[in-house]
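Undergrad: sequence and predicted model, in that order:
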Amino acid sequence: MRRLSRSFFTKRSLIVAKKLLGCFLVRRIGKKLLIGRIVETEAYPGPSDRASHAFDGKVTARNKIEYEKGGYVYIYLVYGMYWQLNITTGRAGYPECVLIRALEVSDKQNATRDKKRKTQNRNIISMSRVTFHMSPNVANGPGKLCRWLKLGKSFYGENMARSKRLWVATDGSRIPPRAIAKGPRIGIDYAGPHYAKKPWRFWIKANPCISR
DNA sequence: GTACAGATTGAG
DNA sequence: TCAATCTGTACT
């Protein structure tokens, strides 16, 4: 496993969004590592995109990090309660980013949570086994993954190429293009039909951890 | 200062 | 299907 460096993120968001699939988002909290495999992303490729916070070159306190070069965290709150993790992409001065929408969390990660339940009540061991298989659903949505990774405003502008608490890693494997599905982005109807229909959401076909 | 809608989620 | 919940943003 090696950390993705700056150059990975300075490409266009439509490229990066696809290449991030199958990579691992790593969060360090003290000595503990939380790791999820990225299985769903969305690209927000620039100022002409009506769905982008930087549409028409708009600059605000919230979105200004989008104008940085690729590799920084753009995180913001939606609906008053959910954080959304984005990574800036492309060159400085041109606002693009990729939204991380879902992670596949390995069984080992869940095992810790399961153990706790077991010690609390031996009688739910069998039920616990079921949940173990049925609920790797801790990070299968953009709000849920931030909650699971304990990400919030303090990560705004975090440098993913250098940070000690959040980065992206690869094991060298690649998702073949035929295994990547694409479709319209979620929750952006306000952008009007032209942009709302753009197939700029990408996910790993048949993966069980895609957001709903 | 005030109004308003949102790159979601989980419960009913 | 709908309410929760609150900040950023636009406008008075």
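TA: Structure's in. What do you need?
Undergrad: pLDDT weak spots in chain A?
TA: Counting by pLDDT under 70, chain A shows low-confidence ranges at A:107-136.
Undergrad: which strands and helices sit next to the strand ranked longest in it?
TA: In chain A, assigned by DSSP state E, the strand with the most residues is strand A:32-44. Using 3 or more C-beta pairs under 8 Å, 6 or more residues apart in numbering; DSSP states H and E, the elements in contact with strand A:32-44 are helix A:13-20, strand A:24-29, strand A:97-105, helix A:107-120, helix A:142-149, strand A:201-204. To be clear about C-beta, it is placed using only N, CA and C from the backbone, and glycine gets the same treatment.
Undergrad: the last one pairs with which strands?
TA: Think strand A:201-204. Next to strand A:201-204 in the sheet, as set by DSSP bridges, lie strand A:32-44 (antiparallel), strand A:180-183 (antiparallel).
Undergrad: quickly check: that strand near DNA strand B or not.
TA: No. Judged by C-beta under 7 Å from any atom of the strand, strand A:201-204 stays clear of DNA strand B, getting no closer than 10.0 Å.
Undergrad: list of residues touching that strand?
TA: Contacts to strand A:201-204, defined as C-beta atoms under 8 Å, 6 or more residues apart in numbering, come from residues A:17-18, A:21-22, A:39-43, A:101-102, A:175, A:179-186, A:210.
Undergrad: now swap in stretch A:26-39 and tell me
TA: If you take C-beta under 8 Å, 6+ apart as the criterion, stretch A:26-39 is touched by A:20-25, A:100, A:102-106, A:109, A:139, A:145, A:148-151, A:164-169, A:203-204, A:207, A:209-210.
Undergrad: up against DNA strand B, what does chain A have?
TA: Residues of chain A lying near DNA strand B (C-beta under 7 Å from any atom of the strand): A:42, A:44, A:51-53, A:74, A:77-82, A:84, A:86, A:97, A:99, A:141-145, A:185-188, A:190, A:211-212.
Undergrad: quick one on the thing from earlier: filter the contacts of strand A:201-204 to the buried ones?
TA: Among those, those scoring as buried are A:17-18, A:21-22, A:39-43, A:101-102, A:175, A:180-181, A:185-186, A:210 (criterion: 16 or more other C-beta atoms under 10 Å).
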